[in-house]
Each structure stands twice: as C-alpha cells, then as structure tokens.
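**Q** Structure for this input, please:
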Amino acid sequence: GINAEYGVKARIAMDSESNMKRELLQATHDLSQRGLYYSARWASEQLHGLRKGEEVFSLSSSKSEKEQTFFFSYPPEEMRELDKIFLAKSFFDLKEYYRASDVLKEACSPLSTFIKSYSLYLAGEKRKEEEMIEEQDQKGTVKNKELKSLKNHFASLYTASKLDGFCLYLYGIVLKELDMKDSARNILVESVNIYPCNWSAWQALAHLCDDYEAIKELRLKEHWMKSFFLSHLSLELQRNLEGLNMYNELAKFFPNSNYILAQTAVANYHMLEYDESEVLFELLLRREPYRLENIDTYSNILYVKDCKAKLSYLAHNAHNTDKYRPETCCIIGNYYSLRGEREKAVQYFGRALKLNRRYLSAWILMGHEYLEMKNAYAAIEAYRKAADIDARDFRSWYGLGQTYELLKMPLYSIYYYKKATSLMPYDSRMWCAMAGCYESLNKINEAILCYKRAESNRDREGIALDKLAKLYTQLKQDSTAAYYYKKNLDHSDAANEEGPHVSEALLFLARYTLRSEDLDAAEKYSSRLLDYGGKEKEEAKAILKEIHSRRSAQFSNSS
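**A** As a prediction, this is how the structure comes out:
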C-alpha cells in the first residue's frame, strides 16, 4: 500500500516544525511577489494551520535586531533590478500584462524572468478568452498565442541551466498547455524538487499523473510537501481511504488547517459517508463562515439527503458572500434542482460555466439535470465536456452510461460503465448499472459477475443481492438462489426494511425449505408471510397447511 511506501510521519519527522514554518513563511512572500496568489494563499493557510509552538520570529542571539528586520532578502542581481521589478509588479497587479513584460524586457535575473514570462503567458490567456467570446468558440479551439515563443525562450534558458524553481514551474505549464505531457511532467518534478512549497506546481504535476504507477517513475525528493501531494493525488485517483488516512496523519501536524479539513470532508463524500462528511463541512463553515471553496460539494450532500431547509440557507449565504462565483451558482442550481425547478437549475449551472468554462462540477451537474429532463443529447454534450476537462472523474463516464441507457443503447452504456468501474472499482452503483445493461441483452452470466462485484463492495441498497437471487432462480439454480434470498432477507431485517422484495424472498425460501423437508424453516418463513396481503398470504396458508399435513403423516408413521 501507499502508506507503507510513503510515510507521512517519517517525511515530516525529517524537518522540525520551526523549519516548516520558515519555509511556509518564505513561500508566502516568494509566491505573492511573483503573482502566484492561489499558491501563496495555500501556503499561508498551512502556516496558520500548523501546531502552535516555537515562534518563527523569535530573536536569536546570533543576529542583531536590525538584521532580523530584513527577513526577506534579495540576491545582488535582483537588487540591481528592484526598481524595474516593483514597477512591473504594479502593472501586473493591475492586469496590464504587456506593460509589465515590456518594463522587464532587458532584465535577466530569475525573478525578472519569471514576472516577464508570466505576464506574457497571462496576456495570451486574456486575449484567448476575448477571442473565444468574439468568435463564440464553444469547443476551445482558440489557443494562447504566446505559448510557442515562451517555450522556445524557456528551452534556451533551460539548456543554459538558468531556470530557477519558479521558471521551471511556468515552463512545465507551457509544455502542458502545448500537450507535451511527458516533458511537462519531468520539468515539474525538477521544479518541486528545487522549490517544494509551490502548491500550484504540485497540482499541475498531479493532473499529469493518470495512475499510481506514474508516481513510481517520478524522481521526487523526500520533503514534507510530498505528503500533501500524495494525499491530494489519492483523492484525484479515487483512492479515497488511502488519501483519508494520510490527511488524518497530516492533521496531527496541521490541526488548524482548513484545507485538510475540507479535503477530509471531500474524501468522506466520495466514500458515500454522507453523514460524516456533512459534520465535517459544518465544522468547516463554523471555522470559515464566508468560505465558498469546496462548499458546492457540501450542497451535493444536502441535495442527496433531501435537506431543503439547510440547502436553502446555504444558497442564501453563498449568494450574500459572492454571487458571481462558480461555487455559488452550483449551490443555487442544486437548490432549484431539489425543488424540481429544472430550467432554473440549468440556468445557474450555465452561469457557473460562463464564470469558469472549465468548472468540472457544473458540467456534471448540468448533465444530471438534462438527464432528469430526458434531454439525452444535451446531457451527452455536458458529460463529454466534463470528460474532456478531467478524464479521471468517474461521474462523467457514469453519466454517459446512464444517458445511453435512457436511449436504449446498452452496448454504448456498457462501454462507458466499464470506464467508470475502472476508475471507481469499489463503487457498487457502477457494477449494478453495468449488470442491468447485460441483463437487457440477456447476457445472464456477465450480469451475475457484475452483481457479485457490486455485492462485494458494500451494496447498501441491496439491489445486487435481490438481482442475484432472481437470476439464479431464472437459471434454475435454486440452492444458490436461496443463499442470496436469505442474505437479502437478513440485510432487509437488519435495516428494518419492508417491501415487495421481502415478501418475495420469504415466499421463495418457504417453498425451497418445504421442498428440502426443512419444515421448521418453512414454517418460520410462511408465518412471516401471513402479515402480508394478497396472493403471498394465501400461498403461505397453503404451505402451512402442507407442513401440518406432513408433520401429521410423520407422526402417524412413527407411531
């Protein structure tokens, strides 16, 4: 397992907490200085999340108070360009990217190179967005026109070994955008090895790892940041239990980290532990009442649990916090969906996509909505968009399977369900769905295999057990059918469930045990059937009469 190979405790033990604090504090400064604001926020969140202990700023006897003031120093080559760097950064912060780049056209220090190149990259991204709106390009064919020149510039600097960890990160992003994935992966590994506290670099690297085998090929240095990366990647690859265990270990060192708390809640959500996940999200919102990140996942839980009042309150709060955030639009969309207002739900999911067309959750939720509206072709388009953004997310493939099932195209459904089960082999819902398609094609043996996989993966609804019992009855394998009917009955009794499947199981078991001459068991099952109405009750009476008759005959023979 991954925990044996990569120990969180061992990795963090390599560093003292005061060193971790210093690294995170330095990272917050370095990342902010370069305009990498999301990474800077992440680093400052973990800095705040660390256990309270030794102060980073405690004065040491080796340094004077005057020296302590300049905690963040600049190398000599950057000092010479500091006036240009500050001017360029002011243009950058005002989103005047070409002006920022132009100021530093003659500068050559690593910091200047990064700000100049990042400004060009963002200028290209801004122009790309404008062109997409102008040309009404829905398929994303418009590209960032600065990528090729940036790639050539970085390639020459890389050959001359003149790229620091930040420039390597940007080089990796450029290569990734140009679809040069293997090269991008190698460059990003170099970046995180040189500067481990750039969370954006780790996230970009995770996006290039399609499976856990890919990690073994990465030559990553041992650093405590690697534990955050592996935990994050575990959730991305749906290895939720492993990810959860690692986050629980990390939480011992970062007890106040809201990022870790959010990831723990998300892991529980993926594991279908909705009650536990809800408790964690509620704690997260008590800590951060104005947080929107990950809260759309919380709204999914409230939707599944049919918590109308809670979802209404959450939607109202999100709207008041920031109504122009994709997360807010998804929360409000879920609220309207729960109320059965499908058109309004689609409108809000569409609004989320106008704010961020690569927002995966919005595409998937929109697909679900169209599926409910029986608009199969719109659902297919939404799910395909989601699959294009992240092919590792099982929900888009599962949605496509369901949509083709609606269109009565089971072979297509099976193809997409297979993709979903390869990503989520421990989710019984995928196996049940695929088994249902095999049933419709009268491929009983394949259906049985799928239902068995579902049953071995905590099929909470008991669908698989009921179906296995019926299929084995169809195959006239009564002893195996009886085994599954008994198991399904035990499952229903434990959950205090009643329904047609219970009476069906009781009737089959009463008949089977009667044929097997197990009269006590037959009597027990038949007696329970007397509580039901209709033909089951009448048949139970007939079976009890037969049992009485056989017992009388046995008594006569023995005497």
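**Q** Looks like residue 296 contacts residue 332 (just checking).
**A** No - if you go by CB atoms under 8 Å, residue 296 and residue 332 don't touch, sitting 9.8 Å apart. Where you see a C-beta, it was placed from the backbone N, CA and C, and this is true even at glycine.
**Q** name the element residue 517 belongs to?
**A** Mapping residue 517 onto the secondary structure by DSSP states H and E places it in no helix or strand at all.
**Q** Neighbours of it, how many?
**A** Residue 517 has 10 neighbours, counted by other CB atoms under 10 Å.
**Q** With the one 4 residues further on instead?
**A** Neighbour count for residue 521, taken as other CB under 10 Å: 16.
**Q** list the contacts for it?
**A** For residue 521, the contacting residues are 509, 513, by CB atoms under 8 Å, 6 or more residues apart in numbering.
**Q** helix or strand right after the strand or helix carrying it?
**A** When secondary structure is defined by DSSP H and E, residue 521 falls within helix 519-529. Elements were assigned by DSSP H and E; along the chain past helix 519-529, the next helix or strand is helix 534-558.
**Q** Buried residues, that following helix. List them.
**A** Neighbour-count burial for helix 534-558 flags 536, 540, 543, 544, 547 (criterion: 16 or more other CB atoms under 10 Å).
**Q** What's the mean pLDDT across that helix?
**A** For helix 534-558, mean pLDDT rounds to 82.
**Q** Any chance you could list what contacts that helix?
**A** 503, 506-507, 510-511, 514, 519, 522-523, 526-527, 529-530, 532.
**Q** Reformat the residues you listed as a markdown table; add neighbour count and distance to residue 437.
**A** Shown next, in a markdown table, are the contacts of helix 534-558 (neighbours: other CB atoms under 10 Å; distance: CB to CB, whole Å):
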| residue | neighbour count | distance to residue 437 |
| --- | --- | --- |
| 503 | 20 | 28 |
| 506 | 23 | 30 |
| 507 | 21 | 28 |
| 510 | 25 | 33 |
| 511 | 17 | 30 |
| 514 | 20 | 36 |
| 519 | 17 | 41 |
| 522 | 24 | 37 |
| 523 | 18 | 40 |
| 526 | 27 | 36 |
| 527 | 15 | 39 |
| 529 | 21 | 33 |
| 530 | 12 | 38 |
| 532 | 16 | 32 |
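**Q** Looking at these, spot the one nearest residue 249.
**A** residue 506 (47.7 Å; CB to CB).
**Q** for the helix or strand the closest one falls within, packing partners?
**A** Take DSSP H and E as the rule and residue 506 turns out to sit in helix 500-515. On a contact count with 3 or more CB pairs under 8 Å, 6 or more residues apart in numbering; DSSP states H and E, helix 500-515 meets helix 463-474, helix 478-494, helix 519-529, helix 534-558.
**Q** Next, the buried residues of the second one.
**A** In other words, helix 478-494. In helix 478-494, the ones that count as buried by 16+ other CB under 10 Å are 478, 481, 482, 484, 485, 486, 487, 488, 489, 491, 492.
**Q** related to what we said a few turns ago, what residues are shared contacts of residue 296 and residue 332?
**A** Counting by CB under 8 Å, 6+ apart, nothing touches both residue 296 and residue 332.
**Q** ok so, going back, same list (the helices and strands packed on helix 500-515) but as CSV, adding distance to residue 349.
**A** Putting the helices and strands packed on helix 500-515 into CSV (distance: least, CB to CB, whole Å) gives the following:
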stretch, distance to residue 349
helix 463-474, 29
helix 478-494, 36
helix 519-529, 47
helix 534-558, 45
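**Q** do you know which of the ones you listed lies nearest residue 256?
**A** So among the helices and strands packed on helix 500-515, helix 478-494 is nearest, using CB to CB, at 39.7 Å.
**Q** what's the angle from that closest one to helix 519-529?
**A** Per axes from the mean of the first three to the mean of the last three CA atoms, to 10 degrees, the angle that helix 478-494 makes with helix 519-529 is 50 degrees.
**Q** now helix 478-494, how far from the chain's geometric center?
**A** 34 Å (CA atoms, centre = their mean, to the nearest Å).
**Q** Could you do stretch 254-262 as well?
**A** 17 Å.
**Q** before we move on, what about stretch 470-487?
**A** 37 Å.
**Q** now stretch 242-250
**A** So, by CA atoms, centre = their mean, the centroid of stretch 242-250 is 15 Å from its chain's centroid.
**Q** can you pull the buried residues of that stretch?
**A** In stretch 242-250, counting by 16+ other CB under 10 Å, buried: 242, 243, 244, 245, 246, 247, 249, 250.
**Q** so how far is residue 37 from residue 323?
**A** 21 Å (CB to CB, to the nearest Å).
**Q** pLDDT score assigned to residue 506?
**A** pLDDT, residue 506: 91.
**Q** pretty sure it contacts residue 527?
**A** No - using CB under 8 Å as the test, residue 506 is too far from residue 527 to be in contact (9.4 Å).
**Q** Can you tell me the element the residue lying closest to residue 295 once chain neighbours are set aside falls in?
**A** Spatially, and ignoring its direct neighbours in sequence, residue 295 is nearest to residue 327 (5.8 Å; CB to CB, 6 or more residues apart in numbering). Assigned by DSSP H and E, residue 327 belongs to helix 326-338.
**Q** same for that helix, what does it pack against?
**A** So helix 326-338, by 3+ CB pairs under 8 Å, 6+ apart, packs with helix 295-304, helix 308-321, helix 342-355, helix 360-372.
**Q** Out of those helices, which one sits most buried?
**A** helix 360-372 (a mean of 24; mean count of other CB atoms under 10 Å).
**Q** Show me what that one is packed up against.
**A** Helix 360-372 packs on helix 326-338, helix 342-355, helix 376-389, helix 394-406, going by 3+ CB pairs under 8 Å, 6+ apart.
**Q** Quick one: closest of these to residue 202.
**A** helix 376-389 (19.2 Å).
**Q** other SSEs contacting the closest one?
**A** helix 360-372, helix 394-406.
**Q** As JSON lines, the ones you listed with distance to residue 197 and mean pLDDT would be great.
**A** Compiled in JSON lines, these are given as follows (distance: least, CB to CB, whole Å; pLDDT from 0 to 100):
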{"stretch": "helix 360-372", "distance to residue 197": "26", "mean pLDDT": "96"}
{"stretch": "helix 394-406", "distance to residue 197": "31", "mean pLDDT": "95"}
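**Q** and of the ones you listed, who's closest to residue 115?
**A** Closest among the helices and strands packed on helix 376-389, using CB to CB: helix 360-372, at 30.2 Å.
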